[in-house]
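In: A predicted structure for the sequence below; I have some questions about it.
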There are 2 protein chains.
Amino acid sequence: MVKSGFGKLTSLNEAIKILLANTSIKEMEPVKLEDALGRILAEDVIALIDVPHFDKSAMDGYAVISQDTFGTSNALPKTLRLIGSVLPGQVFEQKIISGECVEIATGAPLPDGVDAVLMVEYTERTNNHITIYKSVAPVENVIKIGADVKKGEKILNRGTTISPRHIGVLAAVGISYVKVFQKPKVAVLATGSEIIKQGEKLEKGKVYDVNSQTLSAGLKENNCEVIDFGFVSDEFEIIKNRIIEGIKKSDIVLLSGGSSLGASDLIIEVLNELGKILIHGIAVKPGKPTIIAKVKNKLVIGLPGHPMSCLSNFYIFILPVLRKMSGCCYEISGRYIEAVLTRKVASTIGRYEFLPVKIIQKENKIYAEPIMKGSSAITSITCASGFIEIDENTEVIEKGEKVKVRLF
Amino acid sequence: MVKSGFGKLTSLNEAIKILLANTSIKEMEPVKLEDALGRILAEDVIALIDVPHFDKSAMDGYAVISQDTFGTSNALPKTLRLIGSVLPGQVFEQKIISGECVEIATGAPLPDGVDAVLMVEYTERTNNHITIYKSVAPVENVIKIGADVKKGEKILNRGTTISPRHIGVLAAVGISYVKVFQKPKVAVLATGSEIIKQGEKLEKGKVYDVNSQTLSAGLKENNCEVIDFGFVSDEFEIIKNRIIEGIKKSDIVLLSGGSSLGASDLIIEVLNELGKILIHGIAVKPGKPTIIAKVKNKLVIGLPGHPMSCLSNFYIFILPVLRKMSGCCYEISGRYIEAVLTRKVASTIGRYEFLPVKIIQKENKIYAEPIMKGSSAITSITCASGFIEIDENTEVIEKGEKVKVRLF
């Protein structure tokens, strides 16, 4: 009944390489600008207009012919004839000639003939005459056509995750629909005869379902559509049928539990029957008993049942797959922070280790405090701010060493 | 028609202090665990159970009385009688006595009488006899009751933004509903006779609505409920009625445009008629012409119409208000990164300046490249990774100086 141990473990890099090689990018779909937040651009966006679309005033003041103002000072003021005013959204139809000026508000288009705006602070008004006490250079206080965006300019790159400021530039060039990648559809199924639902009475030997909850939340947070199958007990046919259903409805199936080699670990057998095992056992800690399989050309990933291992593997293996599938570009994200380790940690040679740490700020210095509760404890990751990565060849990191913390 | 300049500007700190003093935390509401992601906990959460709820095996192997194994080695093996097996979710009812053992799977509860688990690797099985080649200490390979969470322990603090890993610990202790703060309801209205909707034909003098789009997106990103009034032209009665409607339907009203002192700037007059002006003009750059008013005990904030100023002020002034309203605690967020300035920048004494920068990574070093397009350009902020803050008393930052970049 008890089976033999893992063979050779696959390295982290190799596992991610295999996962990505078996992942393709989703198709595109159009969405309304209002619904585009958080979605990923499926094409470069080219501006079809100049922004602004006309020369406009950057100030409240008087639109003037700059040459008329040359030589003016407090000691040598000049007077111009005020022939009207223009507000934002209006167009002043008359062409201005030398000696004339137009009152202009910030954002209003410059009337024909003028080339600068004199701020109101440097003027004095008497009926229809404006005395000016300062000269302005051509284009002073004017926002030129195309100063913000030039027609034909590429304003956003394919693969950009659309943030409020990207919404801004799309809005500015008048785009009402954007082409984004469809969201990855991910089926989630926890397995284990010991699992019960929150709210049910907790008998001895039973545990509340954690993994389908954390995985679903992690997927939602990363803009995926979740097909939540909840959990099932360790029964071959039930698990098999649920995976078949998952494959039909989704792009990728995530399982948790039963991924090792113990008596009740059925996942490897089910996946062997349904498709092809690509990897069983990855050289990471925690998270070793992980299965990567392909069933009907779709990835099915068997994650460990220990809550910490399951969620940690989600961040390490699954997120890159989802990012690729989503069409996301991998840009620097500021998700790393440098910190000083608060105590010595030992690691296993040959295993790439993910150690949860808590960030502590003391006297303007940032410290990383390792959390050592183990892979079965969900609290290992709950109170962590992020984790440090310890590669296969490092056995010890000393107290006081600088470490790079990958933040959640 | 043109009005006089601002009086004394209010400092950034003073403005934020006044805003927060006029902000109260929302009421709480219960949500299902599945819907709790991104919400903010309205109370401390205390575990009502131990996790695990029973002593369980951390390994696949044999549950033994550790004393039976003492002195065992490869040279001196011992044999135990196998009296059954236990899988996760099952309970082995019989009490184990000296000389007996039970096959046990990872996660299964320890039978009564045993106190350790011997890994399968150190055993050999012949029918119902298990030969053991190694001793185990008490509690070895056992996860003790409460090792993850202790009954009565505080597992999460009020004010926590619920992430997937918080969902995990809530799930583990069996919680199906959590009390969170209600989302802030925020009404958004852009003003300006020049504004038209994306998709409409762009005549001279008109611009597409940017601010209602960026503000709505920023609010959604920060878990607020948005009441989007779109935009209206610069007409006193229309703006006034829309603000009255906004006040009724929301906790706070954000306006953009018309917040300065120009000919078409009506916001100050409307708010003067409806309520009390707390601040007009803040010593920040960009974003000076900002109005903070109180109408029927609710904040109404008039933001500048320049897209960059509007969105920048959203991040600087409005987010702290929304965070307080949401019940969010202010923890270290990893939203800062240190970088080297790529060129000298000059700033205005007396104005707290927000300068958008682009993060560039070159040869393992992180650089901040200032973006100098000005406050009217939405692209100033679009291509920025974040911004640096230059305080009132700093006139110049030299090229090569280290700066702290606040990331978006």
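Out: Structure received.
In: who touches the residue lying closest to A:K150 once chain neighbours are set aside in this structure?
Out: Excluding the flanking residues, the one nearest A:K150 by CB to CB, 6 or more residues apart in numbering or on different chains is A:D50, at 6.1 Å. All C-beta spots, glycine's among them, are computed from the backbone N, C-alpha and C. Residues near A:D50 by CB atoms under 8 Å, 6 or more residues apart in numbering or on different chains: A:145-146, A:149-151.
In: could you list every residue that touches A:P356?
Out: A:P356 touches A:308, A:312, A:370-371, A:380-381, A:384, A:386-387, counting by CB under 8 Å, 6+ apart.
In: mind running it again at 6 Å?
Out: Going by CB atoms under 6 Å, 6 or more residues apart in numbering or on different chains, A:P356 touches A:371, A:380-381, A:384, A:387.
In: Kindly report the same for A:V114.
Out: A:63-65, A:96.
In: of all these, which comes closest to chain B?
Out: Within the contacts of A:V114, the smallest distance to chain B is 12.5 Å, found for A:A63 (CB to the nearest CB).
In: pretty sure that closest one is in a strand, no?
Out: Yes: counting by DSSP: H, G, I helix; E, B strand; the rest coil, A:A63 is found in a strand.
In: Skipping its backbone neighbours, what lies nearest the residue most central in space within chain A in space?
Out: In chain A, the residue lying closest to the centroid (CA atoms, centre = their mean) is A:T161, at 5.5 Å. In this structure, A:T161 finds its nearest non-sequential neighbour in A:I40, 5.5 Å apart by CB to CB, 6+ apart.
In: Surely the one you found touches A:K324?
Out: No: between A:I40 and A:K324 there is no contact under CB atoms under 6 Å: 10.9 Å.
In: So between the two, which is more surrounded?
Out: A:I40 (23 against 17; other CB atoms under 10 Å in any protein chain shown).
In: any idea where the helices of the stretch 251-400 of chain A begin and end?
Out: Using DSSP state H, counting those that start in this stretch, the helices of the stretch 251-400 of chain A run over residues A:267-274, A:307-313, A:319-326, A:379-382.
In: picking that back up, same for chain B: which of the contacts of A:P356 are within range?
Out: A:I381 (CB under 6 Å from any CB of the partner chain).
In: among the contacts of A:P356, who's most crowded?
Out: Going by other CB under 10 Å, A:I381 tops the contacts of A:P356 with 30 neighbours.
In: picking that back up, identify, out of the helices of the stretch 251-400 of chain A, the most deeply packed stretch.
Out: helix A:307-313 (a mean of 29; mean count of other CB atoms under 10 Å in any protein chain shown).
In: now, which of the contacts of A:V114 sits nearest B:P184?
Out: For the contacts of A:V114, the minimum distance to B:P184 (CB to CB) is 41.9 Å, reached by A:A63.
In: coming back round to it: so who does the residue nearest to A:T161 touch?
Out: Contacts of A:I40 (CB under 6 Å, 6+ apart): A:161, A:180-181, A:326-328.
In: Where is pLDDT lowest across these?
Out: In terms of pLDDT, the least confident member of the contacts of A:I40 is A:C328, at 88.
In: Up against chain B, what does the stretch 101-250 of chain A have?
Out: Close to chain B, as judged by CB under 6 Å from any CB, the stretch 101-250 of chain A has residues A:105-107, A:109, A:120, A:143, A:148-149, A:164-165, A:167-169, A:171-172, A:174, A:176, A:192-194, A:198-199, A:202, A:204-205, A:208, A:210, A:213-214, A:217-218, A:220.
In: Okay, domains of chain A per the record?
Out: A:12-26+A:183-326, A:33-51+A:148-181, A:56-143, A:336-407 (automatic domain parsing).
In: weakest of the ones you listed by average pLDDT?
Out: domain A:336-407 (a mean of 90).
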